[in-house]
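Visitor: Fold the stuff below for me.
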Amino acid sequence: MSYSIFLLRFVDSELVALDTERFRQVTEPYVVVGGPEEGFSQLRAEDGGEADLYHEFHGENGMPCVTATHFARGAMLGVLARLAAALGASIIPQNGWALIFHEEERRHLPAELQENAVVIAPTADALQAAFDAR
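Guide: Okay, the predicted model is just below:
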């Protein structure tokens, strides 16, 4: 899929860093190229679907954002949804709406994202359904 999504974590409408160690734990089984320190990871899911992840690593400050591009439908969407959930991140598609995993996360989003945020389960099917609905 030639589409970008951003994994961003918000607290009180402010962007906060993502946990690099959690990122490593979730992505490690799927990495075929790169890693957290390199700023790029190519992942491959069990069904062969791939995704390119871009992530700046700021040492102790963690990562401000993970950008996923060229990601496949199927199992890779599940990997991306689980990654976002593990990081406590919202999924922000390139066209500017938000996917969250718990209703209480809505209040932490910036005001412009709160109203149209959609609550989903951290699964491939739920993420695909949210994309299809837009």
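
Visitor: and the longest helix belonging to the chain, what does it pack onto?
Guide: The longest helix of the chain (DSSP state H) is helix 75-87. If you count contacts as 3 or more C-beta pairs under 8 Å, 6 or more residues apart in numbering; DSSP states H and E, helix 75-87 packs onto strand 5-11, helix 20-27, strand 50-55, strand 66-69, strand 90-93, helix 124-133. Where you see a C-beta, it was placed from the backbone N, CA and C, and this is true even at glycine.

Visitor: what residues does the longest one touch?
Guide: What it means is helix 124-133. The contact list for helix 124-133 (C-beta atoms under 8 Å, 6 or more residues apart in numbering) reads 3, 73-78, 80-81, 91, 93, 99, 118, 120.

Visitor: Try it again at 6 Å.
Guide: Under the contact criterion C-beta atoms under 6 Å, 6 or more residues apart in numbering, helix 124-133 has outside partners 77-78, 81, 99, 118, 120.

Visitor: For it, the averaged confidence score.
Guide: Throughout helix 124-133, pLDDT has a mean value of 96.
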